[in-house]
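# Quick one: sequence plus predicted model below, questions after.
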Amino acid sequence: MKKAGIAELKDNLARYLDRVKGGETVLVVDRNQPIAQIIPLRKTARRAATRNGRLARLERKGLIRRGSSDPDQWLVKHRPVNVSGSVLQDLLDERRSGW
């Protein structure tokens with residue numbers, strides 16, 4: 001485990017974060033008293049954070065709007081479209097049925 005004081009950590013943050021990315025843990029100390037520990041995220045947590053961060057960024061820009069309901073409940077309420085071969089005929093049938 002690597003130990004770093006606050007000033008050292010501030011001056012070399014990128015270097016310490018590279019160590020954390022590599023799997024190491026960094027202990028942050030203030031006047032030789034431990035105050036924090038920087039540990040690497042598990043790969044699944046890192047992927048989830050990246051995915052959620054990307055969606056949040058797109059949402060802030062107004063490019064997407066995330067749904068608020070459960071997708072499984074939506075599927076229960078909406079029947080799937082039956083495709084018989086002709087897209088045009090299926091569309092006309094769907095319009096006639098009121099869907």
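Good, I have the coordinates.

# any idea which helix is longest in this structure?
helix 43-60 (DSSP state H).

# hmm, who's touching that one?
Helix 43-60 is contacted from outside by 41, 64, 65, 66, using Cβ atoms under 8 Å, 6 or more residues apart in numbering. Using the backbone N, CA and C atoms, a C-beta is placed for each residue, glycine as well.

# pretty sure the second one is in a helix, no?
No - in this structure, residue 64 is coil, not part of a helix, as judged by DSSP: H, G, I helix; E, B strand; the rest coil.

# That one: neighbour count?
13 (other Cβ atoms under 10 Å).

# now swap in the last one and tell me
Other residues near residue 66 come to 8 when the count uses other Cβ under 10 Å.

# per-residue pLDDT, it?
In the predicted model, residue 66 carries a pLDDT score of 83.

# ok, back up a step: could I get the average pLDDT for the next helix or strand after the longest helix of the chain?
Downstream of helix 43-60, the next assigned helix or strand under DSSP states H and E is helix 71-77. Mean pLDDT, helix 71-77: 76.

# next one: stretch 34-50
So the average pLDDT for stretch 34-50 ends up being 81.

# correct me, but residue 30 touches residue 7?
No - if you go by Cβ atoms under 8 Å, residue 30 and residue 7 don't touch, sitting 9.7 Å apart.

# just to revisit the earlier point, including distance to residue 86, could the contacts of helix 43-60 go into CSV?
Shown next, in CSV, are the contacts of helix 43-60 (distance: Cβ to Cβ, whole Å):
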residue, distance to residue 86
41, 50
64, 33
65, 33
66, 35
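
# ok, which pair from the residues you listed is furthest apart?
41 and 65 (27.9 Å; Cβ to Cβ).
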